[in-house]
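Student: give the three-dimensional model of this entry:
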Amino acid sequence: MPFAQGIHYSFYQPKEIDPSRLPLILIHGAGGSFLSWHPYLRRLTGETVYAPDLPGHGESEGDGRRTIEEYADDIVRFMENLRVESAVIAGLSMGSGIALTLALKYPQRVRVLALLGSGAKLRVAQSTLDTIGNPETFAAAVEIVNRACFSSYALQDLVALSKKSMLNTGPSILLGDYLACNQFDVTAQLAQIPTPTLILCGADDAMTPPKYSHYLKDHLPNAQLHILEKTGHMLTLEQPDAVAKLLKKFLDEVPASSPADS
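Tutor: You can find the predicted model right below:
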């Protein structure tokens, strides 16, 4: 798979490209990689899709960051390298914080938002911050956090895949991700984001419970919300077909036309 300035990414392009549709960029969450997005989403019908590994994650080079804003800057550099002026930005968990930050800091880059397992705040339990960065307690902490990311309906191979990704990320980078999440707070700025926004959340999400998605829906000017039953935080793996259908329907209804066409 290709790299752009040290960032590894998957890329999908349909055989017939509609020039009025902007590309879709999928941003994974803390300790994740492009594999956090099921192939149904990485190869969304009719869409050009990029799914990068954030720095220090998956196969990407470099170190992880300790603020959401730094990750947002990374995504902008990624877009510049690929000559993508604006895009549909979809973010999962920490990735949703990056997406919201992009919409605030670089509004010209974001034409449509999709926020999955999201919140205006992404607080992390102090017990997790105390144990996730310590090599001696890292594996046990990952076991607890990863289990909380899935509902009781999740297939065990999905849970194992997610756990492997977190373990491979390592204590330092995963701690950095959670520190970035813990200080993230855009509650006072949501009204400044007029971008058409799709909000998706699992009904059994224990990491960012549905009340956080309802808050986003109530405070973003142009948003719609769908709660997926029998699904936890990693809804992109537990219910990929449903997520793909909802995202595709939203993009068809709110086309991400290029600035020249708008």
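Student: list the buried residues of the helix or strand harbouring residue 172.
Tutor: For residue 172, the host element (DSSP states H and E) is helix 171-183. Applying a neighbour-count criterion of 16 or more other CB atoms under 10 Å, one finds 171, 173, 174, 175, 176, 177, 178, 179, 180, 181, 182 buried in helix 171-183. In short, each C-beta sits where N, CA and C put it, glycine included.
Student: within the helices and strands, which one has the nearest residue to residue 144 once chain neighbours are set aside?
Tutor: Among residues not flanking residue 144 along the chain, residue 128 sits closest, at 7.8 Å (CB to CB, 6 or more residues apart in numbering). In this assignment (DSSP H and E), residue 128 forms part of helix 126-131.
Student: how far away from the center of its chain is that helix?
Tutor: 22 Å (CA atoms, centre = their mean, to the nearest Å).
Student: what packs against the helix or strand following it?
Tutor: Later in the chain than helix 126-131, the nearest helix or strand by DSSP H and E is helix 138-148. Counting contacts by 3 or more CB pairs under 8 Å, 6 or more residues apart in numbering; DSSP states H and E, helix 138-148 packs against helix 126-131, helix 156-169, helix 171-183.
Student: quick one: mean pLDDT for helix 138-148?
Tutor: Taken as a whole, helix 138-148 has a mean pLDDT of 96.
Student: ok so, going back, possible to save the helices and strands packed on helix 138-148 as CSV with mean pLDDT and distance to residue 139?
Tutor: What follows is these, written out as CSV (pLDDT from 0 to 100; distance: least, CB to CB, whole Å):
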stretch, mean pLDDT, distance to residue 139
helix 126-131, 96, 10
helix 156-169, 92, 7
helix 171-183, 97, 9
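Student: tell me which of these sits nearest to residue 106.
Tutor: Among these, helix 171-183 comes nearest to residue 106, with 17.5 Å by CB to CB.
Student: pull out the buried residues from the helix holding residue 128.
Tutor: Neighbour-count burial for helix 126-131 flags 128, 131 (criterion: 16+ other CB under 10 Å).
Student: what are the contacting residues of it?
Tutor: By CB atoms under 8 Å, 6 or more residues apart in numbering, the residues outside helix 126-131 that reach it are 137, 138, 140, 141, 144, 145, 175, 178, 179, 182.
Student: now do the same contact list for the second one.
Tutor: With contacts taken as CB under 8 Å, 6+ apart, residue 138 has the following neighbours: 131, 132, 167, 170, 171, 174.
Student: closest one of those residues to residue 161?
Tutor: residue 167 (11.0 Å).
Student: ok, that closest one - contacts?
Tutor: Applying CB under 8 Å, 6+ apart, the residues contacting residue 167 are 138, 139, 142.
Student: which residue ranges form the helices in the stretch 151-262 of the chain?
Tutor: Along the stretch 151-262 of the chain, counting by DSSP state H, counting those that start in this stretch, helices occupy 156-169, 171-183, 210-219, 235-238, 240-253.
Student: which of these sits closest to residue 87?
Tutor: Short answer: helix 240-253, nearest of the helices of the stretch 151-262 of the chain by CB to CB, at 11.5 Å.
Student: let me see the contact set for the nearest residue to residue 120 once chain neighbours are set aside.
Tutor: Spatially, and ignoring its direct neighbours in sequence, residue 120 is nearest to residue 187 (4.3 Å; CB to CB, 6+ apart). Going by CB under 8 Å, 6+ apart, residue 187 touches 120, 121, 215, 219.
Student: ditto for residue 147
Tutor: residue 159.
Student: how close does it sit to residue 133?
Tutor: Distance, residue 147 to residue 133, using CB to CB, to the nearest Å: 19 Å.
Student: I'd assumed residue 92 was in contact with residue 29.
Tutor: Yes - using CB atoms under 8 Å, residue 29 makes contact with residue 92 at a distance of 4.7 Å.
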